[in-house]
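Q: Sequence and predicted structure below; questions after.
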Amino acid sequence: MKLLKSSAREVAPLQRSFWMQEAEPKLEAAASLTTREVADVVIVGGGYVGLWTALTLLEISPETKVVILERDVCGGGASGRNGGFVMSWWPKISSLLGFMEVESALFLARASEHAIEELGAFCERHGIDAHFRRSGWLWTSTSEAQGDAWAATVETCARLGVRPFERVVSGDVTRRTGSAMHRAAVFEPTNATVQPAALVRGMRRVALERGIKIYENTPVREISHDRPSIVSTPYGEVRADAVVLATNAWATAVPEIERLIVPVNSSIVVTEPIPERLRALGWTGGEAITDSQLMVDYYRTTRDGRIAFGKGTGALARGGVIDTTFSHHAESCSMTERDFRRTYRALSDVRISHAWSGPIDRTYDSLPVFGTLSGTNHIHYGVGWSGNGVGPSRIGGRILASLALQRKDEWSGCALVERNAKSFPPEPIKYLGGSLVRGAVRRKESREAVGSAPGTIDRMLAKLAPSGLEDKY
């Protein structure tokens with residue numbers, strides 16, 4: 001049985017991000033699959049989730065034969081295109097509590113915090129220069145409408161007996177962010193930043209050193225339903241007892257998964273190096289920063305003194321096709337640069353050196369969903385990272401490895417597995433409705449940014465949008 005939609009959904013490789021160009025200027029891809037292979041587990045997708053799954057499989061069961069099939073190169077998708085924020089799930093604690101018991105929510109939130117420490121230790125142990133810097137995250141407010149967006153989250157954490165956030169004294173917000181746009185903030189000190197492409201390419205190296213077979217430029221055409229499954233590619237195939245789907249937004253090619261996520265874009269602009277200007281602004285602490293919009297602005301500095309400024313621009317593509325909307329979407333990149341210029345008015349003369357877009361596999365509650373395809377007990381998936389997968393993908397690798405090995409443990413049995421997640425409407429309603437809601441959110445937040453009241457209809461439609469980086473406020 002064919003489990004994937006038409007291969008016509010595939011497009012040419014995405015435009016490379018600044019991160020990938022910096023990490024590997026002469027990008028070398030592994031060979032494509034041109035033979036018939038036999039494996040214990042085949043993983044479709046060579047990003048963070050796929051690589052963590054493969055590495056975890058060998059930690060648990062060193063004799064396991066693992067093959068990774070990647071349609072582009074490892075890191076060519078979201079894993080090499082994101083802002084490099086390594087965050088926990090504490091900002092999503094209310095969403096976690098919405099479908100699980102307190103003990104389970106605390107377990108996952110603490111695990112996501114521990115994953116940040118694990119990632120740093122992994123890089124150090126394997127000599128991966130991913131620019132790991134644990135300088136924390138500032139969750140800010142940049143307009144009156146955003147208020148203290150974190151108040152309910154902080155209160156929920158306090159009620160549970162945990163205090164992951166620190167309040168920032170008002171005068172310190174401007175100093176630490178380098179911009180008077182920031183009105184208030186809380187700080188989560190455990191968070192980190194990385195060079196995301198350097199991380200994923202380093203993980204790839206470690207996987208290859210451990211004997212994991214990786215085939216790049218190898219799109220999957222068909223997955224048979226029976227066990228063992230035959231995973232077919234243009235010039236070869238892999239027969240495996242277990243299949244793991246770790247394809248991020250490309251998971252819309254699987255009909256059973258398609259309605260669990262909506263692919264939306266996010267865009268990033270990067271400045272030329274300006275270390276002296278950053279020192280003049282006072283933005284020298286290396287903190288990751290976001291505001292509290294639904295179409296969130298997120299930004300950080302780089303090792304060589306650039307600003308990487310991103311925005312959840314939220315553009316969709318018809319039918320969920322991963323096209324150039326998720327590579328370099330001119331409108332979205334322009335929106336992002338405008339927000340950068342408004343936030344850092346003192347840098348109006350600074351040149352933008354790079355700009356790109358990337359895909360986010362957004363779920364309704366901004367948390368991932370794990371499961372096993374209907375009618376099988378060996379084809380597993382983990383989707384819906386919603387723009388926050390750099391750190392939590394470590395958890396995803398543990399869950400998917402346990403599912404693939406049919407282990408009964410705290411990961412395969414956690415509340416994220418086979419949860420009753422709210423689904424999106426079918427196409428074309430998903431695209432048409434999503435575009436309508438996106439337009440309303442954009443108009444609403446544009447007016448709020450300049451202190452104007454949004455229209456009633458826009459306010460109502462904006463409430464239909466899925467959760468963003470943090471729980472809805």
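A: Cool, got the structure.
Q: Sketch out the strands for the stretch 251-400 of the chain, chain order is fine.
A: 262-271, 288-290, 297-301, 307-311, 352-362, 369-372, 379-383 (DSSP state E, counting those that start in this stretch).
Q: Single out the most deeply packed of the ones you listed.
A: Of all the strands of the stretch 251-400 of the chain, strand 379-383 carries the top mean neighbour count, a mean of 27, counting by mean count of other CB atoms under 10 Å. In this view, the C-beta of every residue, glycine as well, is placed from N, C-alpha and C.
Q: That strand - contacts with which helices or strands?
A: strand 237-245, strand 369-372, helix 393-404 (3 or more CB pairs under 8 Å, 6 or more residues apart in numbering; DSSP states H and E).
Q: tell me the angle the first one makes with helix 393-404.
A: Angle of strand 237-245 versus helix 393-404, following axes from the mean of the first three to the mean of the last three CA atoms, to 10 degrees, is 120 degrees.
Q: Toward the C-terminus from the lowest-mean-pLDDT helix or strand in the chain, list the very next helix or strand.
A: In the chain, no helix or strand scores lower on mean pLDDT, DSSP states H and E than helix 170-177, which sits at a mean of 92. Where DSSP states H and E defines the elements, the next helix or strand beyond helix 170-177 is strand 184-188.
Q: count of neighbours near Met460?
A: As a burial measure, Met460 scores 12 neighbours (other CB atoms under 10 Å).
Q: CA atoms only for the least confident helix or strand of the chain - export them in PDB, please.
A: Extracted C-alpha coordinates of helix 170-177, given in PDB (Å, rounded to 0.1, in the frame of the first residue of the first chain):
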ATOM      1  CA  SER A 170      12.200  47.600  34.000                       C
ATOM      2  CA  GLY A 171      15.400  49.700  33.400                       C
ATOM      3  CA  ASP A 172      17.400  46.600  32.600                       C
ATOM      4  CA  VAL A 173      15.200  45.500  29.700                       C
ATOM      5  CA  THR A 174      16.300  48.300  27.400                       C
ATOM      6  CA  ARG A 175      20.000  47.800  28.400                       C
ATOM      7  CA  ARG A 176      20.000  44.000  27.900                       C
ATOM      8  CA  THR A 177      18.100  44.100  24.600                       C
END
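Q: Isn't Ala440 up against Lys463?
A: No - between Ala440 and Lys463 there is no contact under CB atoms under 8 Å: 9.1 Å.
Q: more crowded one of those two?
A: Ranked by neighbour count (other CB under 10 Å), Ala440 and Lys463 place Ala440 first, with 21 against 12.
Q: per-residue confidence for the more buried one?
A: As predicted, Ala440 sits at a pLDDT of 96.
Q: how close does the nearest residue to it once chain neighbours are set aside get to Asp365?
A: Distances taken as CB to CB, 6 or more residues apart in numbering put Leu461 closest to Ala440, at 3.5 Å, once the chain neighbours are dropped. Separation of Leu461 from Asp365 (CB to CB, to the nearest Å) stands at 19 Å.
Q: Of the two, give the one with the bigger neighbour count.
A: Ranked by neighbour count (other CB under 10 Å), Leu461 and Asp365 place Asp365 first, with 22 against 19.
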